[in-house]
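Enquirer: Return atomic coordinates for the entry below.
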Amino acid sequence: MTAATSDQQEFEAPLAQETSESGEGEPLGAMKKRSVVITGHRTSVSLENAFWDALKAIALRRNMTVNQLVTEIDKQRNGNLSSAIRVYVLTSLQNDLASARGEEPRSPAEPL
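Expert: From the prediction side, this is the model:
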C-alpha cells in the first residue's frame, strides 16, 4: 500500500461510517430521491442524505415544512433544483458559522 492510498483510506473511512439522521442507517453521501410538492406540483429531487438532513433542520429552524422551503428555493433558482438546494444549504451553513464568529453573513453572489 502506498502512502497516498493509506492517506486516502484514512480520509474516506470516517465518512463511510457516518449515517443520516433519518435513522435509515444510510451513509450521508448516499443519494436519496424524494418527492416534494412545489406550489401544488409534485416533483422528485435527488440529494445526498446529508443535504436532506440539513434541509430538514433549516426548515425546522425557520418553522417551515421542507416543501415550503423547497418552494422558496425554487422561486430563486435559475438552474437545476437539486443544485439550487445544495447551494442554499451551503450558504445557510456558512451564514450560521459567520454569525457564530460575529462576522457579517454572506449572500449568494448569484441567484440560486
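
Enquirer: Show me which helix runs longest in this structure.
Expert: Determined from DSSP state H, the single longest helix within the chain is helix 81-100.

Enquirer: That one - what's its average pLDDT?
Expert: Helix 81-100 shows a mean pLDDT of 93.

Enquirer: That helix packs against which elements?
Expert: strand 41-48, helix 49-61, helix 66-76 (3 or more C-beta pairs under 8 Å, 6 or more residues apart in numbering; DSSP states H and E). All C-beta spots, glycine's among them, are computed from the backbone N, C-alpha and C.

Enquirer: what's the angle between the last one and helix 49-61?
Expert: When you say that, I think you mean helix 66-76. On the basis of axes from the mean of the first three to the mean of the last three C-alpha atoms, to 10 degrees, helix 66-76 is oriented at 100 degrees to helix 49-61.

Enquirer: Can you give the contact residues for helix 66-76?
Expert: The contact list for helix 66-76, computed with C-beta atoms under 8 Å, 6 or more residues apart in numbering, reads 36-39, 45, 55-56, 58-59, 62, 64, 81, 84-85, 88, 111-112.

Enquirer: so where is this structure shaky, pLDDT-wise?
Expert: Scanning the chain for pLDDT under 70 picks out 1-24, 107-112.
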